[in-house]
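Trainee: requesting a structural model of the entry that follows:
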Amino acid sequence: MVLTSIISCDRMSLQQKGGKTMKRILYLVALGLLVGLLAGCGVSRGVSRRDQLQQLGLLNQLDLRRIEQTSGINGHYDGSFFLGSGSISGDQTLEKNLQFYWGRTADEVISTTLPYSHFRFIIDDYKLVPTIEFVFDEKWLNSAHAVYTESQKSNLNLWLSDEMVRERNLRVAVVRISQEDFENMVYSP
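Mentor: Presented below is the predicted three-dimensional model:
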């Protein structure tokens, strides 16, 4: 009888110890998975947009190939509806645009359109090849951002879009050009 109670007590203590050990193992496995997931997300905090756009070559003076004037309507509308009622707000302007062709290398040509009001022309008669430089908002440039994906990096117009202009992240496009090229390439309104 005494031997039976000792054996049953040993079984209970082993089961309790086994239960605690099993809980600890499950806890450690769950903690390891959580750390692994967070580490594997690929989010790199502390990387500024400036560093990433510099690597893409968007913060340098870039070769300007050609400029064309276009007319268009720029606008932005937002709205919300719920059960058939809601509101729309926005603005629309008739503003002349400039479509320009530029590139980071001699064999690359990118077409971009911006409102005329976002250009600043600097006449430099010593400039043999016209250049364009994009000036972004400093606060936006210096803010940390997750690393851009390859698809975001492949579309350089992502950073030169109407939304970037509207949100004032893209401040101005500075064109350095000779007087002769200016008269030949750009129609002044």
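Trainee: what segments of the chain are strands?
Mentor: Per DSSP state E, the chain carries strands over the ranges 62-82, 85-103, 110-115, 119-123, 131-136, 170-177.
Trainee: list the buried residues of the shortest one.
Mentor: This means strand 119-123. Phe119 (16 or more other CB atoms under 10 Å). Every residue, glycine included, has its C-beta placed from N, CA and C.
Trainee: contacting residues for the residue nearest to Tyr148 when sequence neighbours are not counted?
Mentor: Distances taken as CB to CB, 6 or more residues apart in numbering place Gln52 nearest to Tyr148, at 5.6 Å, with adjacent residues excluded. Gln52 makes contact with 145, 147-148, according to CB atoms under 8 Å, 6 or more residues apart in numbering.
Trainee: looking at the residues you listed, which is nearest Glu167?
Mentor: When these are ranked by distance to Glu167 (CB to CB), His145 comes first, at 14.2 Å.
Trainee: what's the burial count for the spatially closest residue to the closest one that is not a sequence neighbour?
Mentor: Leaving out its chain neighbours, the residue that sits closest to His145 by CB to CB, 6+ apart is Arg49, at 5.1 Å. Counted with other CB atoms under 10 Å, the neighbours of Arg49 add up to 20.
Trainee: please apply the same query to Gln152.
Mentor: Other residues near Gln152 number 13, with proximity taken as other CB under 10 Å.
Trainee: does it touch Leu158 like I think?
Mentor: Yes - under the criterion of CB atoms under 8 Å, Gln152 makes contact with Leu158 at 5.9 Å.
Trainee: Asp125: what's its closest spatial neighbour, skipping adjacent residues?
Mentor: Asp125 sits nearest to Ser178 (CB to CB, 6+ apart), 5.0 Å away.
Trainee: and the residue nearest to His145, what's its pLDDT?
Mentor: With respect to pLDDT, Arg49 scores 86.
Trainee: pLDDT below threshold where in the chain?
Mentor: Judged by pLDDT under 70, the chain has its weakly predicted residues at 1-19, 28-46, 72-84, 86-94, 187-189.
Trainee: show me this protein divided up by domain.
Mentor: Following automatic domain parsing, one gets these domains for the chain: 1-41, 49-75+89-185.
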